[in-house]
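**Student:** what's the 3D shape of this:
(4 chains)
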There are 4 protein chains.
Amino acid sequence: MAAAIDAIGECEEAVTACAAAMVGEDDVRVLQDAIVRDLNCADVVAATRRVLSRGSDAALLSAQLEACVLACEHSAELCARHAHHHEHCRMCSQATLRCAEACRQVLHGLHG
Amino acid sequence: MAAAIDAIGECEEAVTACAAAMVGEDDVRVLQDAIVRDLNCADVVAATRRVLSRGSDAALLSAQLEACVLACEHSAELCARHAHHHEHCRMCSQATLRCAEACRQVLHGLHG
Amino acid sequence: MAAAIDAIGECEEAVTACAAAMVGEDDVRVLQDAIVRDLNCADVVAATRRVLSRGSDAALLSAQLEACVLACEHSAELCARHAHHHEHCRMCSQATLRCAEACRQVLHGLHG
Amino acid sequence: MAAAIDAIGECEEAVTACAAAMVGEDDVRVLQDAIVRDLNCADVVAATRRVLSRGSDAALLSAQLEACVLACEHSAELCARHAHHHEHCRMCSQATLRCAEACRQVLHGLHG
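**Tutor:** The predicted model follows:
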């Protein structure tokens, strides 16, 4: 669980910084969907971390983790396409994939 | 959707104020679980509102709304028990139930 | 104070929706700074609303309200420039100015 | 700046977990003010981290960092009193003091 909390924290930081960096890029017009996905991801992972840190209400945590995995995967999917020419997208797609995996492991522990 | 955004905003406000008020009550020891549920609810609804406001990624929105409904119902369940002697719990349980209903209607629209 | 909480809630909603809408505009490249200011504003006002709702720690509230007024003014300044051709910028600049004014009134009450 | 972002992330995690743990303690009634300060601190540091991550608008960042330092100091002040009998308060007061110091250094860099 501590590993998941760390992964979520790094993910929130990466998507927040990446979204702001994409907004400032010359090719921002092809990054529009990726930006919105990063913004959504930042908010969803932040809420997930709070619920996880409080350590109660497993049913809510489970539903919130499902949303979190989706938010991370959707963000990673688009940023991965821009990873070869934007370093922040490469870092962001890695952080979101790590976060998704960490959340899946917590989910597995909850249901296992 | 505008109705849902309003209901979520009122819910976030009600659970945040109610949690802080419960922390200050003489009978805080019987309110412990209700406080944590309100804190979780505040964070989950806030993230849901952001995703909803951005108006894209229906799959993520759907998963986040599912978590939101659960957060509201869990919060309402415990605050309703204290509604007869704490006005903030009464207002909070009403706001969370309205929010849950508004989110279910958005979900219905997404899947219908 | 209830008026300020409402104004902050409407402001958070307006800047969040406006930022996402600007990201999707054809002229996104001239909106880059306005987008980041809206994103900053959304986060600062959300934190301010939480502190205000809890109703304690006047020194912290005062400092947070100062930051909030600045965030709103900075957001309004840039969105106002785009208000004539983007309806969401017009609504956003109005909501941020109302929020700044509401926060200044709370500040005045704290220090008066 | 990366150090400050890390310190803020650890602080948000510590105050969120500590607040939830205090709510569950037998002596919750003497912890009431400390809980609200931790909750305020969590929200203020989270907003500060977002603004810092986006790396623009130094005037807003400065005001938000001032509020952040205050939030951390106020939280640390009360949790330190309970550090000898609650491990989460000890960890929390350390994390908030480290965060306050990291933010002061960023402020010094902005104004220096």
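
**Student:** so which bits of chain A are right by chain C?
**Tutor:** Along chain A, the residues adjacent to chain C under the rule Cβ under 8 Å from any Cβ of the partner chain are A:19, A:20, A:23, A:24, A:26, A:28, A:29, A:32, A:35, A:36, A:39. C-beta here means a position set from N, CA and C on the backbone, and glycine is covered the same way.

**Student:** list just the nearest of these to chain D.
**Tutor:** residue A:20 (4.1 Å; Cβ to the nearest Cβ).

**Student:** does anything pack onto the one helix or strand residue A:50 maps to? Which helices or strands?
**Tutor:** Using DSSP states H and E, the element containing residue A:50 is helix A:32-54. Judged by 3 or more Cβ pairs under 8 Å, 6 or more residues apart in numbering or on different chains; DSSP states H and E, helix A:32-54 is in contact with helix A:2-23, helix A:58-81, helix A:87-111, helix B:32-54, helix B:58-81, helix C:2-23, helix D:2-23, helix D:32-54.

**Student:** okay, the angle between the last one and helix A:32-54?
**Tutor:** For the pair helix D:32-54 and helix A:32-54, the angle between their directions (axes from the mean of the first three to the mean of the last three Cα atoms, to 10 degrees) equals 160 degrees.

**Student:** over to the fourth one?
**Tutor:** Helix B:32-54 and helix A:32-54 meet at an angle of 180 degrees, taking the same axes, to 10 degrees as the criterion.

**Student:** ok, the residue lying closest to residue A:102 once chain neighbours are set aside - contacts?
**Tutor:** Nearest non-adjacent residue to residue A:102, counting by Cβ to Cβ, 6 or more residues apart in numbering or on different chains: residue A:7, 3.8 Å away. Going by Cβ atoms under 8 Å, 6 or more residues apart in numbering or on different chains, residue A:7 touches A:95, A:98, A:99, A:101, A:102, A:103.

**Student:** among the residues you listed, who's most crowded?
**Tutor:** residue A:99 (31 neighbours; other Cβ atoms under 10 Å in any protein chain shown).

**Student:** now do the contacts for the residue lying closest to that one once chain neighbours are set aside.
**Tutor:** Spatially, and ignoring its direct neighbours in sequence, residue A:99 is nearest to residue A:11 (3.6 Å; Cβ to Cβ, 6+ apart). Residues near residue A:11 by Cβ under 8 Å, 6+ apart: A:41, A:45, A:72, A:95, A:96, A:98, A:99.

**Student:** separation between residue A:11 and chain D?
**Tutor:** Distance, residue A:11 to chain D, using Cβ to the nearest Cβ, to the nearest Å: 11 Å.

**Student:** only the buried subset of the residues of chain A next to chain C, as a ChimeraX command please.
**Tutor:** Here is the ChimeraX selection string for the buried members of the residues of chain A next to chain C, based on 16 or more other Cβ atoms under 10 Å in any protein chain shown:
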select /A:19,20,23,24,28,32,35,36,39
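
**Student:** can you put the contacts of residue A:11 in JSON lines and add distance to residue C:90 and pLDDT?
**Tutor:** Compiled in JSON lines, the contacts of residue A:11 are given as follows (distance: Cβ to Cβ, whole Å; pLDDT from 0 to 100):
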{"residue": "A:41", "distance to residue C:90": "29", "pLDDT": "98"}
{"residue": "A:45", "distance to residue C:90": "32", "pLDDT": "98"}
{"residue": "A:72", "distance to residue C:90": "35", "pLDDT": "98"}
{"residue": "A:95", "distance to residue C:90": "36", "pLDDT": "98"}
{"residue": "A:96", "distance to residue C:90": "34", "pLDDT": "98"}
{"residue": "A:98", "distance to residue C:90": "41", "pLDDT": "98"}
{"residue": "A:99", "distance to residue C:90": "37", "pLDDT": "98"}
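
**Student:** stretch A:65-73 vs chain B: in contact?
**Tutor:** Yes - counting by Cβ under 8 Å from any Cβ, chain B has neighbours in stretch A:65-73: A:66, A:67, A:70, A:71.

**Student:** highest neighbour count among these?
**Tutor:** For the residues of stretch A:65-73 next to chain B, the largest number of neighbours (other Cβ under 10 Å) sits with residue A:71, at 33 neighbours.

**Student:** residue contacts, it?
**Tutor:** With Cβ under 8 Å, 6+ apart, residue A:71 has these contacts: A:37, A:40, A:41, A:44, A:45, B:60, B:64.

**Student:** widest-spaced pair of those?
**Tutor:** A:37 and B:64 (13.0 Å; Cβ to Cβ).

**Student:** ok, the two, which is more surrounded?
**Tutor:** Taking other Cβ under 10 Å, residue A:37 and residue B:64 do not tie; residue B:64 has more neighbours (31 against 26).

**Student:** low-scoring stretches of chain A, by residue?
**Tutor:** Scanning chain A for pLDDT under 70 picks out no residues.

**Student:** which residue of it lies farthest from its centroid?
**Tutor:** The C-alpha centroid of chain A is most remote from residue A:26, which lies 24.1 Å away (Cα atoms, centre = their mean).

**Student:** how about the secondary structure of that residue?
**Tutor:** Residue A:26 falls in the coil class when you classify it by DSSP: H, G, I helix; E, B strand; the rest coil.

**Student:** and the gap between the residue lying closest to it once chain neighbours are set aside and residue C:22?
**Tutor:** Nearest non-adjacent residue to residue A:26, counting by Cβ to Cβ, 6+ apart: residue C:29, 7.8 Å away. From residue C:29 over to residue C:22 the distance is 11 Å, taken as Cβ to Cβ, to the nearest Å.

**Student:** again, but for residue A:83
**Tutor:** For residue A:83, the distance to residue C:22 - Cβ to Cβ - is 25 Å.

**Student:** the more surrounded of these two?
**Tutor:** residue C:22 (25 against 16).

**Student:** from what I see, the more buried one and residue C:34 are in contact.
**Tutor:** Yes - between residue C:22 and residue C:34 there is a contact at 6.2 Å, judged by Cβ atoms under 8 Å.

**Student:** which neighbours do those two have in common?
**Tutor:** By Cβ under 8 Å, 6+ apart, residue C:22 and residue C:34 have these common neighbours: C:82, C:89.

**Student:** how much space separates residue A:38 from residue C:23?
**Tutor:** For residue A:38, the distance to residue C:23 equals 10 Å [Cβ to Cβ].

**Student:** try residue A:65
**Tutor:** Taking Cβ to Cβ, one finds residue A:65 at 27 Å from residue C:23.

**Student:** let's have the residues of stretch A:65-73 next to chain B in JSON lines, adding distance to residue A:110.
**Tutor:** What follows is the residues of stretch A:65-73 next to chain B, written out as JSON lines (distance: Cβ to Cβ, whole Å):
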{"residue": "A:66", "distance to residue A:110": "11"}
{"residue": "A:67", "distance to residue A:110": "14"}
{"residue": "A:70", "distance to residue A:110": "16"}
{"residue": "A:71", "distance to residue A:110": "18"}
